[in-house]
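Chemist: build me a model from this:
(one chain, ligands or ions: 3)
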Amino acid sequence: MHNGTTITQFIIEEQRKIEGATGDFTSLLNDIVTACKVISNMVNKGELIGVLGSAGSENVQGETQKKLDILTNEVFLRSNEWAGHLSAMASEEMEEIYGIPSQYPRGKYLLTFDPLDGSSNTDVNVSVGTIFSILRCPGERVCPNRDAFLQPGTQQVAAGYALYGPSTMMVLTTGNGVNGFTLDQDIGEFILTHSSMTIPEDTREFAINCSNMRFWEPPVKRYVDECLAGAEGPRGEDFNMRWIASMVAEVHRILTRGGIFMYPLDAKMKARGAEGKLRLMYEANPMGFIIEQAGGVASTGRERILAVKPRDLHQRVPVILGSRNEVERVVAYHAEADSEAAA
Ligand code: AHG
Ligand code: MN
Ligand code: MN
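Modeler: Numbering: from 1, shown residues only. Ligands and ions are numbered 1, 2, ... in the order given. Predicted coordinates for the structure are as follows:
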């Protein structure tokens, strides 16, 4: 017998607080949880079941797909298509939206997901994750088009991620704070282990891929230069740096002990017409929702991420998120640089 609250129990108790709730949403979250357990098992078995390595194909983003990118995408589709809670799904790994097949009933929600985040880390046995976001489908039980998904992040009903690390964890928000659950492999249940997660307002730890330094915009360069100057510099303190190359793992660290994570716009992206690296619908919005619900800030540097009105399903945005005071500092540096440039 386990002691502690299972994720199912937690979601049902949350549902009871909402007048008129039908249980659809609870049931949808349960299917997502099941998908993440299947993926956790697959990622954990790794080369024992021959799932590592490249699939030899590219996704719509022009990125080389790993075998696990494709397999985990399939797991998410199969787990979530049958129950009647969704009208359509959209994934980082699929060019088009996935309308619920006609043999199944359609429901009132839309699901977007990054089935395997940080997939370059699978072959080297470093933490990866799954990110998801739930939106309401405008116009009930129809087969929606791409435009139905183009809602700003403020409209999200729920968002979460699973982290496949030394422990498998699920971190979830339904707009009422952030809670973390750890998978007990022996009983196959996620148990509430981290209730009401909050991000410290201050931090002395930053995360950015410094190999792109020469391409950064001046405000980002200024911020990182000041961190690197340490106790002798304008900040008067030494900073620490981390880069895992799995956004899920970076966000989880920030939720646990604070920090700032940046994947900013840079000159290399601009030269090829890209607006950022991370994807608004699959990465930036769900993580932005979680970060805000934990008391942090999520910005593009110039705009609140959740306020960005999406123009395209696969749109990319700059991402700067984490501890409030540091993110606000970087945003202020952007504003200063932009007003100097305009003067
Ligand atoms: P994905 O594996 O879903 O394509 O996402 C990888 C993302 C993100 O998780 C990570 O922070 C970033 O890309 C790493 O980028 P670099 O390889 O440029 O460091
Ligand atoms: Mn990703
Ligand atoms: Mn991915």
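Chemist: please make it C-alpha for all contacts and neighbour counts, starting now.
Modeler: OK.
Chemist: how much space separates L278 from T8?
Modeler: Distance of L278 to T8, given as C-alpha to C-alpha, to the nearest Å: 31 Å.
Chemist: can you give me the helices for the protein?
Modeler: Using DSSP state H, the helices of the chain run over residues 7-16, 24-45, 67-80, 218-229, 247-257, 267-271, 285-293, 324-342.
Chemist: between these, which gets nearest to ligand 1?
Modeler: Among the helices of the chain, helix 247-257 comes nearest to ligand 1, with 3.6 Å by C-alpha to the nearest ligand atom.
Chemist: ok, now which ones touch R279?
Modeler: For R279, the contacting residues are E92, H314, Q315, R316, V317, taking C-alpha atoms under 8 Å, 6 or more residues apart in numbering as the criterion.
Chemist: quickly list what it is bridged to.
Modeler: R316 (DSSP bridges).
Chemist: flag the shaky bits of the stretch 1-150 of the chain, pLDDT-wise.
Modeler: When residues are selected by pLDDT under 70, those of the stretch 1-150 of the chain lie in 1-2, 140-143.
Chemist: so which bits of it are right by ligand 1?
Modeler: Taking C-alpha under 6 Å from any ligand atom as the contact definition, the stretch 1-150 of the chain meets ligand 1 at D114, L116, D117, G118, S119, S120.
Chemist: confirm for me that the second one is in contact with V128.
Modeler: Yes - L116 sits in contact with V128 when judged by C-alpha atoms under 8 Å, with a separation of 6.7 Å.
Chemist: before we move on, back to that, just give me the closest of the contacts of R279 to Y98.
Modeler: For those, the residue nearest Y98 by C-alpha to C-alpha is E92; the value is 11.6 Å.
Chemist: what's the closest non-adjacent residue to A267?
Modeler: Distances taken as C-alpha to C-alpha, 6 or more residues apart in numbering put F215 closest to A267, at 4.9 Å, once the chain neighbours are dropped.
Chemist: A159 against G177, yeah?
Modeler: No - the pair A159 / G177 is not scored as a contact, 11.1 Å apart, by C-alpha under 8 Å.
Chemist: give me the more crowded residue out of the two.
Modeler: The neighbour count for A159 versus G177, taken as other C-alpha atoms under 10 Å, is higher for A159 (28 against 18).
Chemist: so that one bridges to which residues?
Modeler: In this structure, A159 has the following beta-bridge partners (DSSP bridges): S133, T173.
Chemist: contacts only, for it.
Modeler: For A159, the contacting residues are I131, F132, S133, I134, L172, T173, T174, P286, M287, F289, I290, taking C-alpha under 8 Å, 6+ apart as the criterion.
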